[in-house]
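Participant: Give me the fold of what follows.
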Amino acid sequence: MRYTRYTSNQFKTQKKEPHLRTDRILILVLILIIIIAGISLLIKNNKTEQTVTDESLSQLETSSVQDNVKNITENSTEPIDSFANVNVPVYKKSEKNIKIPILIYHNFRTPIPYDEDIYNLFSCQGNFDENIKTLLDAGYTFITLEDLYRYNNNEIGLPEKVMIITMDDGQIGCYTEAFPVLKKYNVPATIFIVNTLVGTTDYFTWDQAKEMYDTGLVKIHCHGYKHSAYSNVSKQELINDYTKSHKEIEEHLGNKVQKIMAYPAGDSSPESIETLKEIGFEIQVQTHYGTVNKSKSLDLTNLGRIRSERATGNQILASIGT
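Facilitator: Next up, the predicted model:
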């Protein structure tokens, strides 16, 4: 048998080799663990950053959408139907010929001052309340002249039984007595104002006009810059007065307003109608007392009205022919 002889140094070296291998393995394992931990941390950080980015993007997109919706809402000139969500059928102009009565009121005072009301222009709060309630009970839906314009352009349909309320001149009773009734029954009305009379004795102020307008129930439109016979003025004066009147209304209401007017005392002429139509007043309300407008023959520049200051609700219904 042959033996291998080791020197003492050789023996020491040979004896240490297993320990060296173990140390190297441990070091490699530690390095591997560190690498894996580093990769995991990097992945986690990337995910966190991505989440933050996604959340930020989502918030930005949400904010942009909200801002866009806000801008659309604030800047939109598209009117909203005053009779939205009615539970009755509606008809386009081509589908059914319907009656479109327009009521006219002037001033309101309780009690009615019969001794000074020689032209029967006063109503009172109780009478106005009775008119509205009777018409609502009879199935009428109250709309605005803006609704009528859209209907005439085939943009919307109307219920078969509709009614429009108008008030001329802008006297204080429209604010103190009629306005509470409009709010009580949630029905709209149009008040035609004379600019030079706003805020004077017996007439409501611009602040009161805006208060009513801001409810969405009251539309404010032109009755002339002054209470004049506009069929007798020059074309340029007619243009100037109604342009100035409309501009002033928009400035005080703080919003764009459709060009709608009513003639003081119903005083118009073919020339005045054409002139105002040329500058954008496509709706011109006349008096033509007793006229019930019909969709088949609807003329937005020649709308007639029914006097209602002293009428009962049933008398109004009789005037319409129901």
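Participant: Looks to me like T291 is in a helix.
Facilitator: No. Counting by DSSP: H, G, I helix; E, B strand; the rest coil, T291 falls outside a helix, being coil.
Participant: What about it, how many residues nearby?
Facilitator: 16 (other CB atoms under 10 Å). Quick note: C-beta positions are derived from backbone N, CA and C, even for glycine.
Participant: Would you mind measuring from it to E282?
Facilitator: 19 Å (CB to CB, to the nearest Å).
Participant: How about T196?
Facilitator: 25 Å.
Participant: Same question for I220.
Facilitator: Using CB to CB, I220 is found at 17 Å from E282.
Participant: Doesn't N127 lie inside a strand?
Facilitator: No. Read with three-state DSSP, N127 is helix and lies in no strand.
Participant: how about it, what does it touch?
Facilitator: By CB atoms under 8 Å, 6 or more residues apart in numbering, the contact list for N127 reads I112, R310, T312.
Participant: What score does the second one have for pLDDT?
Facilitator: The reference is to R310. For R310, the pLDDT comes out at 97.
Participant: and it, which of the three is it?
Facilitator: Criterion first, three-state DSSP; result for R310: coil.
Participant: what about it, neighbour count?
Facilitator: 15.
Participant: swap in the one 5 residues further on?
Facilitator: Around Q315 sit 14 other residues, with neighbours defined as other CB under 10 Å.
Participant: can you check G199 too?
Facilitator: Per other CB under 10 Å, the neighbour tally for G199 reads 15.
Participant: Just confirm it is within a strand.
Facilitator: No. Read with three-state DSSP, G199 is coil and lies in no strand.
Participant: who are the neighbours in contact with it?
Facilitator: G199 neighbours (CB under 8 Å, 6+ apart): T205, W206.
Participant: now it: how far from H252?
Facilitator: 10 Å.
Participant: With only the CA atoms kept, save stretch 141-159 in CSV.
Facilitator: Taking Å, rounded to 0.1, in the frame of the first residue of the first chain, the C-alpha atoms of stretch 141-159 are listed here in CSV:
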residue,chain,number,x,y,z
THR,A,141,-98.6,73.8,-18.6
PHE,A,142,-97.0,77.2,-18.3
ILE,A,143,-94.2,77.9,-20.8
THR,A,144,-92.0,80.8,-21.8
LEU,A,145,-91.6,82.8,-25.0
GLU,A,146,-88.1,81.2,-25.3
ASP,A,147,-89.9,77.8,-25.3
LEU,A,148,-92.2,79.0,-28.0
TYR,A,149,-89.3,80.1,-30.1
ARG,A,150,-87.7,76.7,-29.9
TYR,A,151,-91.0,75.0,-30.6
ASN,A,152,-91.5,77.2,-33.7
ASN,A,153,-88.0,76.1,-34.9
ASN,A,154,-89.0,72.4,-34.4
GLU,A,155,-86.4,72.0,-31.7
ILE,A,156,-88.9,70.9,-29.0
GLY,A,157,-92.4,69.7,-28.6
LEU,A,158,-95.1,71.3,-26.5
PRO,A,159,-98.0,69.9,-24.4
